[in-house]
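Q: Mind folding the following:
(2 chains)
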There are 2 protein chains.
Amino acid sequence: MTVRATAHLTDDERLDWLRLIRSQNVGPRTFHALIHHYGQARDALAALPQLARRGGASAPGRICTRAEAEREMAAASAAGVTFVSLREPDYPLRLAMIDDAPPLIAVRGELATLAQPTVAIVGARNASAAGIKFAERLARELGEAGLVVASGLARGIDAAAHRGSLTTGTVAAIAGGHNSIYPPEHAALADAIAENGVMLSEMPLDHEPRARDFPRRNRLISGLAAGVVVIEAAQRSGSLITARMALEQGREVFAVPGSPLDPRCEGSNNLLKQGAAPVTEAADVTAALRPIFERTLQLSAQEPDRPITPSEPREPKRPSEPSDDERARLVTLLGPTPVGIDDLIRLSGLSPAIVRTVLLELELAGKLGRHGGGLVSLV
Amino acid sequence: MTVRATAHLTDDERLDWLRLIRSQNVGPRTFHALIHHYGQARDALAALPQLARRGGASAPGRICTRAEAEREMAAASAAGVTFVSLREPDYPLRLAMIDDAPPLIAVRGELATLAQPTVAIVGARNASAAGIKFAERLARELGEAGLVVASGLARGIDAAAHRGSLTTGTVAAIAGGHNSIYPPEHAALADAIAENGVMLSEMPLDHEPRARDFPRRNRLISGLAAGVVVIEAAQRSGSLITARMALEQGREVFAVPGSPLDPRCEGSNNLLKQGAAPVTEAADVTAALRPIFERTLQLSAQEPDRPITPSEPREPKRPSEPSDDERARLVTLLGPTPVGIDDLIRLSGLSPAIVRTVLLELELAGKLGRHGGGLVSLV
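A: Numbering: from 1, shown residues only, chains lettered A, B, ... in the order given. The predicted model follows:
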């Protein structure tokens, strides 16, 4: 998302955005593609059934009703949770720049926290006493250095990172909804975080996190931050997923060295072998990130004001209407192996607009998977 | 030392070499400069008094007598210790290539060990149980991979590295003489090392190691090896000196990651920050060193046979005779700050041969310090 806006959505627009992102087969990437095509969430909602039918859906995906969206809004409000859209100034600048930024984030706490320079700290749930102590100390020192600390509210390192930065500012990106804090014993910690920082979720309020929600959530932790510090990560652990996403998002990756005899440090030590920067004190992180934060400030200052309000949209691009032949040609090129959209355009000989429309149709029919780096596959 | 010879010294020549290196103000670099000038140790010995006088010595430095050298030879022989000169095939190839290679090494054990691909393992004397366990395991695995392990016979990591590689081959480079093993409780370990590996010293047999002998000895540990693995090194520790010498000698430097909360790992973790390769298993070391060992083998195979026997020397270069004026000009340029010999030649306008001769005279008068990288200073 390169367009940065300063306007607010109207209540109606916010409802439409919520309906669209809560509708079946609409993830963040599809959402952005739809808005790109239709300009307005309302128009995209109206087009969903037809698009899905063209994509070959036997039954159209379920569309979130206005009443459902209104109920979610009301429940959120009652829980002290507000929705911030990608187009609004409270949306975190860095998170807005990732491919699959959530169109709406549900946040509870001090929203100003989201505008601060942020670093993430993640690590093992079954961390050692030394790891927990170090995480808490590092978070405190990074907080004292003026950085907000993002993490995932998990047991072990995550919780220690939040605790260490409670008074200076911390953000917890969670995999479930705000009314379904996981692990349950961290409910009090979540409240404490919201006092001085932010609890952040892209899920419906009562959503209970499933296993697959955690890797998805990890992109938010790295997306919020300019860099990710990994402490005590085992092989094949969630922290390594966060590190991988950080790399894909162009974030700095740091790892805290640990004993080669401790399996909890195997993943973090491997990150060191792959070139992650070693961290033994806060200065290792701040020295590496300072120039990045300074560059960001300059960019923000230089950027011309381009308020793009959804209520006064640019001339919306109506989707080109692909022919059956064009649709068939593209489907033939697709398979279970992810391929680049650029390659599809080149190999099909179709216009980019047509290719994107067919992909959108397939996606809304639940037949397309989108992957990082502009790759798609049939599912 | 780029010249590699395959001949043996005669007994007389070996005595002359021993006398020369045991004479006052003659270190390895001075020794090499003298041999460069005089071709023969015997001629250098004869020239020492005059050179020292010209350098301004109030009294000539003490020259090791033939009787003293004979007594040292006999005592060494009785202790199972033999002297190997830099010109002989048993001298370790890599050690021969460092600037300040000892002209003679006193060795006890299986000399064939010195011809094997070698890696050094060094670290804290007050190592943790985990560090000792890891050092022993790493040494064993590197031994199984066909590498000889060099270390310094110290308490902690060094001893563990020797123990782990006792059966596969290990070399202990010690700071004292063979009859003055330090620490004393490692006398049995030293005997065990000599069973299957080598005990190595450049000092007189009964020399008790002083504090300053340990850093000097460390150059031998790194010099013997293609790479140095540092385990649990505190800041300002001897292991970091070995790492620095390894870098100066163009060796690979490896460091084992450790907890940032353990001061014993501060130095090794800092090495990681400075670019040392992280090691958590033997494969990290062997993968990095294998191409280096292969290159060495090829180089050895390609090198033409150039036996340069001290008994049939090249036409020895007689030292140019500097005038008093030339001597004064050079001394004026020297001070306590180390300067490059190249700079001295340029700034003095004197010939390289004259400059080197004046420096030699000053050194033998105890007035010159030689530093790494061809730097010299007045002392």
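
Q: any low-confidence regions in chain A?
A: Applying pLDDT under 70 to chain A flags the ranges A:1-6, A:297-320.

Q: of all the residues in it, which ones are close to chain B?
A: Those residues of chain A that sit near chain B, judged by C-beta under 8 Å from any C-beta of the partner chain, are A:130, A:133-134, A:256-261, A:265-266, A:269-270, A:272-273, A:277-281, A:284. Yep, even glycine has a C-beta here, placed from its N, CA and C like the rest.

Q: State the three-state secondary structure for residue A:153.
A: The three-state label given to residue A:153 by DSSP: H, G, I helix; E, B strand; the rest coil is coil.

Q: if we can go back for a sec, filter the residues of chain A next to chain B to the buried ones?
A: Those of the residues of chain A next to chain B that meet the buried threshold are A:130, A:134, A:256-261, A:265-266, A:269-270, A:272, A:277-281, A:284, by 16 or more other C-beta atoms under 10 Å in any protein chain shown.

Q: Next step: these restricted to helices.
A: Mapping these onto helices (DSSP state H) picks out A:130, A:134, A:266, A:269, A:270, A:272, A:284.

Q: Of those residues, which pair is most distant in space?
A: Across these, the longest distance by C-beta to C-beta is 20.9 Å; it joins A:266 and A:284.

Q: The residue nearest to residue A:18 when sequence neighbours are not counted sits in which helix or strand?
A: Distances taken as C-beta to C-beta, 6 or more residues apart in numbering or on different chains place residue A:69 nearest to residue A:18, at 4.5 Å, with adjacent residues excluded. Here residue A:69, judged by DSSP states H and E, is contained in helix A:66-78.

Q: Are there helices or strands packed against that helix, and which ones?
A: Applying 3 or more C-beta pairs under 8 Å, 6 or more residues apart in numbering or on different chains; DSSP states H and E, one finds that helix A:66-78 contacts helix A:11-22, strand A:82-85.

Q: So what touches that helix?
A: Contact partners of helix A:66-78, identified using C-beta atoms under 8 Å, 6 or more residues apart in numbering or on different chains, comprise A:14-15, A:18-19, A:22, A:82-83, A:106, A:178-179, A:204-206.

Q: Give the buried residues for it.
A: For helix A:66-78, burial by neighbour count (16+ other C-beta under 10 Å) applies to A:68, A:69, A:72, A:73, A:75, A:76.

Q: Can I get it in CSV? Just the C-alpha atoms.
A: C-alpha atoms of helix A:66-78 as CSV (Å, rounded to 0.1, in the frame of the first residue of the first chain):
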residue,chain,number,x,y,z
ARG,A,66,-25.0,-5.2,7.3
ALA,A,67,-26.7,-6.4,10.5
GLU,A,68,-23.8,-8.7,11.3
ALA,A,69,-21.3,-5.9,10.8
GLU,A,70,-23.4,-3.6,12.9
ARG,A,71,-23.5,-6.2,15.7
GLU,A,72,-19.7,-6.6,15.5
MET,A,73,-19.3,-2.8,15.7
ALA,A,74,-21.6,-2.5,18.7
ALA,A,75,-19.9,-5.3,20.5
ALA,A,76,-16.5,-3.8,19.8
SER,A,77,-17.5,-0.5,21.0
ALA,A,78,-18.8,-2.1,24.2
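
Q: quick revisit: pull out the buried members of the contacts of helix A:66-78.
A: By 16+ other C-beta under 10 Å, the contacts of helix A:66-78 give A:14, A:15, A:18, A:19, A:22, A:82, A:83, A:106, A:178, A:179, A:204, A:205 as buried.

Q: just the helices in the stretch 1-150 of chain A please.
A: Along the stretch 1-150 of chain A, the segments classed as helices by DSSP state H, counting those that start in this stretch run A:11-22, A:28-38, A:41-54, A:66-78, A:129-144.

Q: Is it possible to get those out as TSV so that each row also shows distance to residue B:347?
A: Compiled in TSV, the helices of the stretch 1-150 of chain A are given as follows (distance: least, C-beta to C-beta, whole Å):
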stretch	distance to residue B:347
helix A:11-22	75
helix A:28-38	68
helix A:41-54	78
helix A:66-78	79
helix A:129-144	50
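
Q: backbone phi and psi for residue A:336, please?
A: phi -70, psi -20 (degrees, to the nearest 10).

Q: That one: neighbouring residues, count only.
A: Using other C-beta atoms under 10 Å in any protein chain shown, residue A:336 has 8 neighbouring residues.

Q: Minimum distance to chain B, which residue of the stretch 101-250 of chain A gives it?
A: Of all residues in the stretch 101-250 of chain A, residue A:130 sits closest to chain B, at 5.1 Å by C-beta to the nearest C-beta.

Q: In this structure that residue contacts residue B:130, no?
A: No - if you go by C-beta atoms under 8 Å, residue A:130 and residue B:130 don't touch, sitting 11.7 Å apart.

Q: What's the local residue count around residue A:287?
A: Residue A:287 has 11 nearby residues by other C-beta under 10 Å.

Q: now swap in residue A:322 and tell me
A: Look at residue A:322: counted by other C-beta under 10 Å, it has 21 neighbours.

Q: Report the secondary structure state of it.
A: Under three-state DSSP, the three-state class of residue A:322 is coil.

Q: Same question for the one 5 residues further on.
A: Following three-state DSSP, we place residue A:327 in the helix state.

Q: and it, what does it touch?
A: A:54, A:358, A:361.

Q: mind running it again at 10 Å?
A: A:54, A:55, A:56, A:350, A:354, A:357, A:358, A:361, A:362 (C-beta atoms under 10 Å, 6 or more residues apart in numbering or on different chains).

Q: export the residues you listed to a markdown table and tack on neighbour count?
A: Below are those laid out as a markdown table (neighbours: other C-beta atoms under 10 Å in any protein chain shown):
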| residue | neighbour count |
| --- | --- |
| A:54 | 19 |
| A:55 | 24 |
| A:56 | 13 |
| A:350 | 22 |
| A:354 | 20 |
| A:357 | 25 |
| A:358 | 27 |
| A:361 | 23 |
| A:362 | 26 |
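
Q: Of those, just say which sits nearest to chain B.
A: Taking C-beta to the nearest C-beta as the measure, chain B lies nearest residue A:362 of the contacts of residue A:327, at 44.6 Å.

Q: which helices and strands does the strand or helix carrying the closest one pack with?
A: Assigned by DSSP H and E, residue A:362 falls within helix A:352-364. Contacts defined by 3 or more C-beta pairs under 10 Å, 6 or more residues apart in numbering or on different chains; DSSP states H and E place helix A:352-364 against helix A:28-38, helix A:41-54, helix A:324-333, helix A:341-348, strand A:368-371, strand A:375-378.

Q: Quick check: buried residues in the third one?
A: Neighbour counts using 16+ other C-beta under 10 Å place A:326, A:327, A:329, A:330, A:331 of helix A:324-333 among the buried residues.

Q: likewise the last one?
A: Residues of strand A:375-378 classed as buried under the neighbour-count rule (16+ other C-beta under 10 Å) are residue A:376.

Q: Any idea what residue A:108 is bridged to?
A: Beta-bridge partners of residue A:108, counted by DSSP bridges, are residue A:199.

Q: Make sure it is actually in contact with residue A:84.
A: No - using C-beta atoms under 10 Å, residue A:108 is not in contact with residue A:84, being 11.1 Å away.

Q: Mind listing the shared neighbours of those two?
A: Residues touching both residue A:108 and residue A:84 (C-beta under 10 Å, 6+ apart) are residue A:200.

Q: I'd guess residue A:171 is in a strand, am I close?
A: Yes - per three-state DSSP, residue A:171 lies within a strand segment.

Q: how close does the closest residue to residue A:121 other than its chain neighbours get to residue A:107?
A: Leaving out its chain neighbours, the residue that sits closest to residue A:121 by C-beta to C-beta, 6+ apart is residue A:161, at 3.8 Å. With distances taken as C-beta to C-beta, to the nearest Å, residue A:161 is found 19 Å from residue A:107.
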